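Undergrad: build me a model from this:
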Amino acid sequence: QLNVIIRSSLQNLREKIDQLKDLLLRAVSTHQITQLEGDRRQNLVDDLLTRQKQLQASYKNEGTEPDVIRSSLMTGGVKRGVTNPWLLEESEETRGLGFDDLRQQQRRIIEEQDAGLDALSSIISRQKQMGQEIGNELDEQN
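TA: Prediction:
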């Protein structure tokens, strides 16, 4: 019975992490939070996902040293010291996606960035126009 409770709790944890990821993606894409805050929260979600995987491995006794995994969970986890980006694992967002899916996701991200740049461009052109009008008024007053 304890095994059933642990398995269901681990599954529930995984579902909650997936919900967090979806909500975070929605919040960033609708500009409810800044990109910097989105990145910070994504790092926290990634840490949760890592700990969930460690718990899953500890439950299944997959690790060669389960005591190390358990102690790292209790002390805040193992800190990442990897500096080479090619040595990092593929993110959950792209894992399992095919080439066409990755291209589609990349296009969507680029479209979102283009929309943001268009908005920024219109703001800057409006400020330029205001600056020119102020300059013209100063010339006229002088």
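Undergrad: roughly how far does residue 49 sit from residue 114?
TA: Distance, residue 49 to residue 114, by Cβ to Cβ, to the nearest Å: 30 Å. For glycine as for every other residue, the C-beta is placed from the backbone atoms N, C-alpha and C.
Undergrad: centroid residue for the protein?
TA: The centroid of the chain falls nearest to residue 42 when counting by Cα atoms, centre = their mean (3.4 Å).
Undergrad: where does that one land on pLDDT?
TA: Here, the pLDDT recorded for residue 42 equals 87.
Undergrad: cool, and the one 5 residues further on?
TA: Residue 47 is assigned a predicted lDDT (pLDDT) of 87.
Undergrad: please shift the residue numbers so they start at 52 in all later answers.
TA: Got it, first residue is 52 now, which makes that one residue 98.
Undergrad: that one: neighbour count?
TA: By other Cβ atoms under 10 Å, the residues close to residue 98 number 13.
Undergrad: residue 79 versus that one, what's the distance?
TA: In this view, residue 98 and residue 79 are 18 Å apart by Cβ to Cβ.
Undergrad: swap in residue 146?
TA: With distances taken as Cβ to Cβ, residue 146 is found 19 Å from residue 79.
Undergrad: equivalent analysis for residue 158, please.
TA: Distance, residue 158 to residue 79, by Cβ to Cβ: 17 Å.
Undergrad: those two: who's more crowded?
TA: Using other Cβ under 10 Å as the criterion, residue 158 and residue 79 rank with residue 79 on top: 18 against 10.
Undergrad: out of everything not next to it in sequence, what's closest to that one?
TA: Nearest in space to residue 79, with sequence neighbours left out and distances taken as Cβ to Cβ, 6 or more residues apart in numbering, is residue 89 at 3.8 Å.
Undergrad: just the element for the one you found, please.
TA: Secondary structure from DSSP states H and E places residue 89 in helix 86-111.
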